[in-house]
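Enquirer: structure here, sequence nowhere to be found:
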């Protein structure tokens, strides 16, 4: 098809006249202008695939020409009209012409008659020749297919000719052999037979003996060859290869069974239910939930049958052709993965229907499901492609390079990895939805906010809530009482948009407390509440500064305050840091992404939308398809410079990126480099920011639109998305009624008080500024000089009563801007940022405008640097504990910041708070340490003198003490698998040693009894301990006990196990199923997702995940870019580990029980244990 043509003015003029005379379609249409603001009436004429338009029907020369070849023409909905133009717009009919050329804008047209509109659409569609293009593409595909068939036939013909030639050569050779044999036969027949003599008889005997000896020697030699081969590496490799295939067959059988349950227990019954008289679900929803799972089941049933057929022909295992057949069909997984998130979203929506939820629980209660939910079955196909990649990786590791299948398996592995990379970006968001659904199911009343798929889980844990009276006062009578710690304990779940506060009921179910669903957009966080009243002093005295306040002011409800108390300073820092980051992000996203109101007019600021460096691949950065919390594409690979640039980008800060960076920066840079970058940003914010960001940050005369969007249509829209907090003005005459002044009002601030006397109300409801307003006198802004006089005659914007003000949180001690004394406005750094930005107007001189821009960037840069440092110091304190030089550099830098005369009050408080965190000693959680326990001198009592509950509690306490001190730096680089593992990962090795010591302690306790009844009693008591540990969420101890019972020295005691009760054996089976390594510990992972801290997980599960990530992906790409996607996966695992480390058990230390568990002097090693087992129950001769 012709790609282009060359025309001159004469041609165009002639064709235009021909179109006006004989055109297929002619008439007057309204065309939208290039800036999308106005409609212009033009006269259009259509000739073949060319659309001309003229100023009017009498114009001789065309105004423009559109080539319609390959375009798409569709009707378009009418835009929402304003009140003034509603009647006029209802008579208009719109349609658009979209071109397939790069960077060509769509043509938007409208008519006043629906028939005319339809005729134009039909004419343009016919002129686009899309049917011909489609047919051409189809024919080209058929042509290429036929070419492939021809090439294949040529190859086959060539092979046949070669076979015929080889056959002819073989025939000639056989003919020559037959001729030689015939000649020899003729010679034998011509010579007469000689009678055998005695010598011939002896010779025959000798030959017979020689033949026997030769056969014996050959058999012996062959046996030696066979034995040598069996012991050879090649044979060992082939045995392992066969074992991999057998394991693959078992895994495939299990997967087919899972798909069979999904289809037969859920899909088909729900289809029948959708066809009933009162359907609880529609057929469309069933299709959206299950997608193409039935097709996937049919595909894998065929593949499984092929595998079984190959196993039947063992030991000749040839699998490459099976994968050749499977590979083209695996693309159906792309559709499943791409829509999996939507599938879970539809399922969550359907669960709101009680009939459907009841029916689904009936299906899930079937024995085949084994207590697994529908979400679990829908997730199984997500992991099948990675499982095939691992299997092929193991197969190739045990397949010789000269093996006939080597190339085919390599090709299959590369294709699967390519498919896996495409699917990878779709998977991580699904895990978040499953977590939300699991928590929502645990809440008895349900929680609709968790059904929002954009809701991201951050952390969970136990906090104590201080009781408040109906008037918002603290109930002093119960403060400090023992019942407060029990009755006031709350299970808190922090999400990206909400904080959920629940109480734990019977059966582990959760109940949302009153005002337990806290929207973070309405919150003000106060870490160290300021004030001199008795309540603050009382709280600090009782809770040792472990309390923090969340002040909530929703628009439709009375304001209230939630006071929460953490168990340690470390836990408090973690909670307050995450809450402040969520509040920062949610307000930034609200400004940028229309996150809270569907009818909001605010869109992504042009400074972010226009900066292609935020989402387009470059030489030193690559992006994935997933978006972070700031709605910007996540980084897959990047250079160190680009990562540091993103860390200090003033436009947004993703909490996920910040956590990943601070967890993993040691892999690709150092703490000094990061600190130098932050200092540079503070001292030289203009030069440190990339030029492209500055250009977009301050586009010409677009400051307000870039930062805040267009002026909102209503005061409520202004409240919801006005950037950092508006200026609050309080009148003493009416203390209960507060008026808010939106930051969209241009305010000029200088070195003196704000002059608001010149404000007047404009007709559109926005305050405007008189032209006589004096410009900026200087660029510095002193917080103490920003005040509003109550004696001025002001014209305020009228706001509805539900329009409540929210305060912006800088991640430090924040005082709400609602409570102001002496008519003075308290502003945060972000407020000054917004006011200074809004202050630039067209009448300001260029020099003063530039000064204002520099002031804006300095305030934003200071806020960013303090925010990153706060997060670094509060959540990664060990970086500064182990590096005194780094700690002193940070303190020196912050002291320098505090002496800055231009620093705002909130910024100075923020810096002081960071210094206080660095210099003060952490009192900890007042929990005994493992070193103190080992140094204590107390008498050890025997096992039978302790109850199962005491042993379980002390074992849990010891396990958590060992687990919580592991620094997260040891989880990088697989140090626990290196030769110098004791030096690189000492705490992980201590955890491993503690696990083995406890396991030996348990086995020794069982085998030290000669009486079988005593052994049975000890086993049953340890099983009871394991069951109590399950209730305490100590899964590590469960594995310690079950692994001891599965040791060969214990497992072989048949007489002992015969006397163990059936109930105990049932409990053992239940515990072993929970901690089984089957399916990458799938049951244990499900239990960890549904449990609340405190908890002691099995560390080996996380080490396996980390080893898989480390081995499968390098730290750097071939272009020497940091694999930040790998760092993000490791960071997510570390975040889950640290969440369990930070919440301590409230268990009292019992020295005698702990000393018994840690006493390894009487514990036996593996060999001694087996000898003791043989002594008490000798082997029986078969």
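Expert: Here it is on my side, so go on. This is a predicted model, so every value here is computed, not measured. Residues are numbered from 1 along each chain as shown.
Enquirer: so how far is the helix or strand hosting residue 303 from its chain's centroid?
Expert: Residue 303 is located in helix 293-312, with elements delineated by DSSP states H and E. Centroid separation for helix 293-312 versus its chain: 32 Å, with C-alpha atoms, centre = their mean, to the nearest Å.
Enquirer: quick one: contacts for residue 9?
Expert: If you count contacts by C-beta atoms under 8 Å, 6 or more residues apart in numbering, residue 9 has none. In this view, the C-beta of every residue, glycine as well, is placed from N, C-alpha and C.
Enquirer: quick one, phi/psi of it?
Expert: Torsion angles at residue 9 (phi, psi; degrees, to the nearest 10) stand at phi -60, psi -40.
Enquirer: what does residue 460 give?
Expert: phi -150, psi 160.
Enquirer: please apply the same query to residue 500.
Expert: Torsion angles, degrees, to the nearest 10, at residue 500: phi -100, psi 130.
Enquirer: tell me the SS of the closest residue to it other than its chain neighbours?
Expert: In space, and not counting its chain neighbours, residue 500 is closest to residue 493: 4.3 Å by C-beta to C-beta, 6 or more residues apart in numbering. In three-state terms, and counting by DSSP: H, G, I helix; E, B strand; the rest coil, residue 493 is strand.
Enquirer: tell me, how many residues neighbour residue 493?
Expert: Neighbours of residue 493 under the rule other C-beta atoms under 10 Å: 24.
Enquirer: looking at the protein, which helix is longest?
Expert: Secondary structure of the chain per DSSP state H: the longest helix is helix 130-190.
Enquirer: ok now that helix, how far from the chain's centre?
Expert: For helix 130-190 - counting by C-alpha atoms, centre = their mean - the centre lies 56 Å from the chain centre.
Enquirer: avg pLDDT for that helix?
Expert: Across helix 130-190, pLDDT averages out at 88.
Enquirer: also stretch 1137-1150?
Expert: Rounded mean pLDDT across stretch 1137-1150 is 85.
Enquirer: report the distance from that stretch to the chain centre.
Expert: 26 Å.
Enquirer: quick one: neighbours of residue 10, just the number.
Expert: Neighbour tally, residue 10, other C-beta under 10 Å: 8.
Enquirer: what residues are up against it?
Expert: Applying C-beta under 8 Å, 6+ apart, no residues contact residue 10.
Enquirer: and it, how far from residue 16?
Expert: According to C-beta to C-beta, to the nearest Å, residue 10 and residue 16 sit 11 Å apart.
Enquirer: just the strands in the stretch 351-500 of the chain please.
Expert: 457-465, 489-495, 498-504 (DSSP state E, counting those that start in this stretch).
Enquirer: packing partners for the second one?
Expert: Applying 3 or more C-beta pairs under 8 Å, 6 or more residues apart in numbering; DSSP states H and E, we find strand 489-495 packed against strand 457-465, strand 498-504, helix 569-593.
Enquirer: now the longest one
Expert: Packing partners of strand 457-465 (3+ C-beta pairs under 8 Å, 6+ apart): helix 406-442, strand 489-495, strand 560-565, helix 569-593, helix 1124-1142.
Enquirer: to residue 510, which of the ones you listed lies closest?
Expert: Closest approach to residue 510 among these (C-beta to C-beta): helix 406-442, 4.9 Å.
Enquirer: how many neighbours does residue 338 have?
Expert: Neighbour count for residue 338, taken as other C-beta under 10 Å: 15.
Enquirer: in the stretch 651-800 of the chain, where is pLDDT below threshold?
Expert: Applying pLDDT under 70 to the stretch 651-800 of the chain flags the ranges 651-653, 687-800.
Enquirer: how about the strands of the stretch 351-500 of the chain, which one is nearest residue 869?
Expert: Across those, closest to residue 869 is strand 457-465 (C-beta to C-beta), at 20.5 Å.
Enquirer: tell me which strands that closest one pairs with, and in which orientation.
Expert: Paired strands of strand 457-465, with direction, are strand 489-495 (antiparallel), strand 560-565 (antiparallel) (DSSP bridges).
Enquirer: give me the buried positions along stretch 95-111.
Expert: Across stretch 95-111, burial judged by 16 or more other C-beta atoms under 10 Å covers 95-97, 99, 107-111.
Enquirer: mind giving me JSON lines with the helices and strands packed on strand 489-495 and columns for distance to residue 115 and mean pLDDT?
Expert: Output for these, formatted as JSON lines (distance: least, C-beta to C-beta, whole Å; pLDDT from 0 to 100):
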{"stretch": "strand 457-465", "distance to residue 115": "54", "mean pLDDT": "85"}
{"stretch": "strand 498-504", "distance to residue 115": "52", "mean pLDDT": "90"}
{"stretch": "helix 569-593", "distance to residue 115": "41", "mean pLDDT": "71"}
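Enquirer: please identify the most buried of the ones you listed.
Expert: helix 569-593 (a mean of 22; mean count of other C-beta atoms under 10 Å).
Enquirer: for residue 552, what are its contacts?
Expert: If you count contacts by C-beta under 8 Å, 6+ apart, then residue 552 has 515, 518-519, 522-523, 559-562 around it.
Enquirer: widest-spaced pair of those?
Expert: Pairwise over these, using C-beta to C-beta, the maximum falls at 519 and 561, 14.6 Å.
Enquirer: so which of the buried residues of stretch 95-111 are in strands?
Expert: 95-97, 107-111 (DSSP state E).
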